[in-house]
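A.B. asks: Kindly return the folded structure for what I paste below:
(one chain, ligands or ions: 1)
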Amino acid sequence: MKILAAMSGGVDSSVAAAELVRAGHDVSGVYMKNWINEENIIGHCPWEEDITDAEAVAQQLGIPFRVVNLMTEYREKVVKYLLEGYQAGITPNPDVMCNREMKFGVLWDWAQEQGFEAIATGHYARKAFSVPGSQFPVFNSEPGTEDSEHAIYRGADPNKDQTYFLAMMQPQQVRIAQFPIGHLLKPELRERARELGLKTAEKKDSQGICFIGQVKMEDFLRTFVPDQPGPIVNLEGKVLGEHRGLHLYTLGQRKGHGVASPIHKQAYVVVAKRPQTNELVVAIENADTPLLWARKATLHSISSTGLPLNEKRLLQAQPRYRCPAGDATFRPLGDGRAELEYKEPQRALTPGQICALYDGERLLGGAVFETIQHA
Ligand SMILES: Nc1ncnc2c1ncn2[C@@H]1O[C@H](COP(=O)(O)OP(=O)(O)OP(=O)(O)O)[C@@H](O)[C@H]1O
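C.D. replies: Residues are numbered from 1 along each chain as shown. Model prediction:
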């Protein structure tokens, strides 16, 4: 099969490409140039080093390598969404959009023109397909037949699972996606990279948002969105301090708001943002802090990785990356929206954030939190 390996210059996608070569595919590597540090944002933006590393690994594997410039599309499809979201007071997720709009969107369009049949990434996720009549999961990334059903399962390494970031992928994108390292644990992957002598074998895992690399989200936002200071208040409306702009804070945030707690081992936590009055609301965190916990929410932009999510069902809903998925009832409202009711109260559900939907280990799709109903 002719497969395009998306190589970021990190160890995960290096091993992903190596696995495809080992399986005998016709592999080419590609680095997407989404963003360069032209805005002089503080911090280290290592794209040049990443390209050098990705190219060196491609050479080691004996595969062709190219850099494609997708900076215009990235600005349009991801950065704009990110900045508009923050300006509107919600918390967007650029990594999720990057997968749907860039890697399996714009990059896939380009790949098809070049005659590729699939795109592979170094995500910790497993691809499965079933031919009619057989049962999931059959972990295999072969294309199957026309009528086979494709699905994404959580990566085998629970600490590294990245399916949350794939939640908004469309069925036709799932069909052409391959995740060659999803069955590996991170230490096994590192070992494989060492055995192959790959240049990236000991390279540190990337931090932060995919395109801003080591740059902190806060520094990035401050370059584009002016500070808008306002009061920090408690639930009774008493002013406790000053914030620098509501967009710089996240619901559930315990540190970085500058309000010290008078109670030992009980921190102030951000429980609400009030755009009308530009107030950031904080409260002392405990098991029943008002506004912090919620069981019910509405979702919009429901997106399915396979069969449509148009019936009431029980499922597991993961409200953010690195957070357990809680049991919930999902009730579609018929207009791309749904009600979600968790069995247990959830901490800091946040409008604008992606909610990934699962049936056990299987990723069903995703949606965006619209409103949160506090008890
Ligand atoms: N600039 C890029 N060019 C090509 N592929 C990319 C790029 N950025 C990310 N990817 C692909 O998306 C996958 C997930 O991206 P993410 O930024 O989360 O990397 P990661 O999990 O740290 O993996 P890696 O170790 O490969 O960098 C990568 O493994 C790679 O296949």
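A.B. asks: Please list all residues in contact with residue 195.
C.D. replies: Residue 195 is in contact with no residue at all, counting by CB atoms under 8 Å, 6 or more residues apart in numbering. C-beta coordinates here come from the backbone N, C-alpha and C atoms, glycine included.
A.B. asks: and it, what pLDDT?
C.D. replies: Residue 195 carries a pLDDT value of 97.
A.B. asks: and the gap between residue 250 and the ligand?
C.D. replies: Using CB to the nearest ligand atom, to the nearest Å, residue 250 is found at 20 Å from the ligand.
A.B. asks: Thought residue 269 was touching that residue, still the case?
C.D. replies: No. Contact criterion CB atoms under 8 Å: residue 250 and residue 269 do not qualify, at 10.3 Å.
A.B. asks: of these two, who's got more company?
C.D. replies: Remark: of residue 250 and residue 269, residue 269 carries more neighbours, 24 against 16, as counted by other CB atoms under 10 Å.
A.B. asks: Now the phi/psi pair for that one, please.
C.D. replies: phi -130, psi 150 (degrees, to the nearest 10).
A.B. asks: Could you tell me how many residues sit around residue 191?
C.D. replies: Residue 191 has 14 neighbours, counted by other CB under 10 Å.
A.B. asks: what do you get for the one 10 residues further on?
C.D. replies: Residues within reach of residue 201, counting by other CB under 10 Å, total 18.
A.B. asks: now residue 155
C.D. replies: So residue 155, with other CB under 10 Å, has 23 neighbours.
A.B. asks: quick revisit: identify the contacts common to residue 250 and residue 269.
C.D. replies: Shared contacts of residue 250 and residue 269 (CB under 8 Å, 6+ apart): residue 348.
A.B. asks: Flag every residue of the stretch 1-150 of the chain that's near the ligand.
C.D. replies: The stretch 1-150 of the chain comes close to the ligand at residues 6-8, 10-13, 31-32, 34, 103, 121-123, as judged by CB under 6 Å from any ligand atom.
A.B. asks: Restricted to helices, list those residues.
C.D. replies: 11, 12, 13 (DSSP state H).
A.B. asks: residue in the stretch 251-375 of the chain nearest to the ligand?
C.D. replies: Residue nearest to the ligand within the stretch 251-375 of the chain: residue 321 (10.3 Å; CB to the nearest ligand atom).
A.B. asks: how close does the residue of the stretch 1-150 of the chain found nearest the ligand get to residue 93?
C.D. replies: Nearest residue of the stretch 1-150 of the chain to the ligand, counting by CB to the nearest ligand atom: residue 10, 2.2 Å away. In this view, residue 10 and residue 93 are 20 Å apart by CB to CB, to the nearest Å.
A.B. asks: Same question for residue 68.
C.D. replies: 23 Å.
A.B. asks: ok, these two, which is more surrounded?
C.D. replies: Remark: of residue 68 and residue 93, residue 93 carries more neighbours, 22 against 16, as counted by other CB under 10 Å.
A.B. asks: thinking again about what came up before, go ahead and confirm the residue of the stretch 1-150 of the chain closest to the ligand touches residue 206.
C.D. replies: Yes. Applying CB under 8 Å, one finds residue 10 in contact with residue 206, separated by 5.6 Å.
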